[in-house]
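*Asks:* Here's my sequence, what's the structure:
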Amino acid sequence: MSNRIVTAHIPLDLAEQVDLLAARLDRPKGWIVRQALASWVELETKCYQLTLEGLADSGRVVDHASFVAWAKSLAQTV
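*Replies:* Below is the predicted model:
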């Protein structure tokens, strides 16, 4: 797999946390950043896919007013 350098400005406290993790795990800082970025991209991709699935399932969407009425009916039964 080929690599590409990406530059990002991050807050000093976050950079220090990366430094600490790298030292504790005995890994290069680049490895820590790659792991974190890969995890974030995977999570965002999954969230996007779930959003698209939800939008495609429009036949089962409940409008806000109906949901609020249902929630209020639950409070009355307690």
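*Asks:* By residue count, what's the longest helix in the chain?
*Replies:* Using DSSP state H to assign secondary structure, the helix with the most residues in the chain is helix 29-56.
*Asks:* Moving C-terminal from that one, which element do we reach first?
*Replies:* helix 64-76 (DSSP states H and E).
*Asks:* Could you pull out the buried residues of that following helix?
*Replies:* Buried residues in helix 64-76, counted by 16 or more other CB atoms under 10 Å: none are found. Where you see a C-beta, it was placed from the backbone N, CA and C, and this is true even at glycine.
*Asks:* contacting residues around the helix or strand bottoming out on mean pLDDT in the chain?
*Replies:* Least confident helix or strand, the chain: helix 64-76 with a mean of 90, by mean pLDDT, DSSP states H and E. The list of residues contacting helix 64-76 from outside it, by CB atoms under 8 Å, 6 or more residues apart in numbering, reads V62.
*Asks:* Output it as PDB - backbone C-alpha positions only.
*Replies:* Taking C-alpha atoms only, helix 64-76 is exported to PDB below (Å, rounded to 0.1, in the frame of the first residue of the first chain):
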ATOM      1  CA  HIS A  64     -42.600  14.200  15.400                       C
ATOM      2  CA  ALA A  65     -46.100  15.200  16.600                       C
ATOM      3  CA  SER A  66     -47.200  11.600  16.600                       C
ATOM      4  CA  PHE A  67     -44.200  10.600  18.600                       C
ATOM      5  CA  VAL A  68     -44.800  13.300  21.200                       C
ATOM      6  CA  ALA A  69     -48.400  12.300  21.500                       C
ATOM      7  CA  TRP A  70     -47.400   8.700  22.000                       C
ATOM      8  CA  ALA A  71     -44.800   9.700  24.600                       C
ATOM      9  CA  LYS A  72     -47.300  11.700  26.500                       C
ATOM     10  CA  SER A  73     -49.700   8.800  26.500                       C
ATOM     11  CA  LEU A  74     -47.100   6.700  28.200                       C
ATOM     12  CA  ALA A  75     -46.700   9.300  31.000                       C
ATOM     13  CA  GLN A  76     -50.500   9.100  31.600                       C
END
